[in-house]
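In: no letters, just coordinates:
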């Protein structure tokens, strides 16, 4: 399996109406949906072509109390969640949920960059053998875009954290490059 460090490996929708979200994405994108079977919580795994790519869950009350609204979050693979969480804070980011485990599944934290964009560094604790679908596979994440007040600072933050490099630049007119 190719290294997934610094790559988006999972997507999660936290929402106020999980049943409506599941129905919408089944119809709009064609995702399959199945309850994860996790004891004590309702978590729906969504997949495309039989390959899991994300989940849908109720927006936790704790997150609502912090001002969170329904939305998607991306999980980014790292070698050490604890170290990445510290590096995020040291670089001016925030920690919204300290590193924790879902036993036998994943270690993760919930953090934000210095401009407030939330993401989830994670390390799978289960067998993730097999390569992910190639970019452009229908139903799977194929483009990741961050709208930031200061794009250069945001890029520097993520490059320092994940080793990301710039690819091609696209001039999109009045919206910039």
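Out: It's in. Just so it is clear, the model here is predicted, and its values are computed rather than measured.

In: poorly predicted segments of this protein, please.
Out: Along the chain, the model assigns pLDDT under 70 to residues 1-3, 127-132.

In: what's the residue closest to the geometric middle of the chain?
Out: By C-alpha atoms, centre = their mean, the chain has its centre lying nearest to residue 74, at 1.1 Å.

In: run through the bridge partners of that residue.
Out: Legend: beta-bridge partners of residue 74 under DSSP bridges are residue 11.

In: ok, then the element right after the helix or strand encompassing residue 53?
Out: Per DSSP states H and E: residue 53 is located in strand 51-58. Using DSSP H and E, the helix or strand that follows strand 51-58 in sequence is helix 61-65.

In: and that following helix, how far out from the chain middle?
Out: On the basis of C-alpha atoms, centre = their mean, to the nearest Å, helix 61-65 sits 18 Å off its chain's mean C-alpha point.

In: now the strands for this structure?
Out: For the chain, the strands defined by DSSP state E occupy 8-15, 32-35, 43-48, 51-58, 71-77, 94-102, 106-112, 118-124.

In: mind checking which of the ones you listed is nearest residue 88?
Out: Nearest to residue 88, of all the strands of the chain, is strand 106-112, at 4.5 Å by C-beta to C-beta. All C-beta spots, glycine's among them, are computed from the backbone N, C-alpha and C.

In: run me through the strand neighbours of the closest one, direction for each.
Out: If you go by DSSP bridges, strand 106-112 pairs up with strand 94-102 (antiparallel), strand 118-124 (antiparallel).

In: can you give me the angle that strand makes with strand 8-15?
Out: 70 degrees (axes from the mean of the first three to the mean of the last three C-alpha atoms, to 10 degrees).

In: returning to what we had before: which one of the strands paired with strand 106-112 lies closest to residue 69?
Out: Nearest to residue 69, of these and by C-beta to C-beta, is strand 118-124 at 11.3 Å.

In: between that closest one and strand 71-77, how many degrees?
Out: 40 degrees.

In: got the contact list for strand 118-124?
Out: 9-10, 12, 73-81, 84-85, 88, 96, 105-113 (C-beta atoms under 8 Å, 6 or more residues apart in numbering).

In: circling back to that earlier point, can I get the strands of the chain in CSV including distance to residue 139?
Out: CSV is the format used below for those (distance: least, C-beta to C-beta, whole Å):
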stretch, distance to residue 139
strand 8-15, 11
strand 32-35, 9
strand 43-48, 3
strand 51-58, 7
strand 71-77, 14
strand 94-102, 24
strand 106-112, 21
strand 118-124, 21
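
In: no further questions, thank you.
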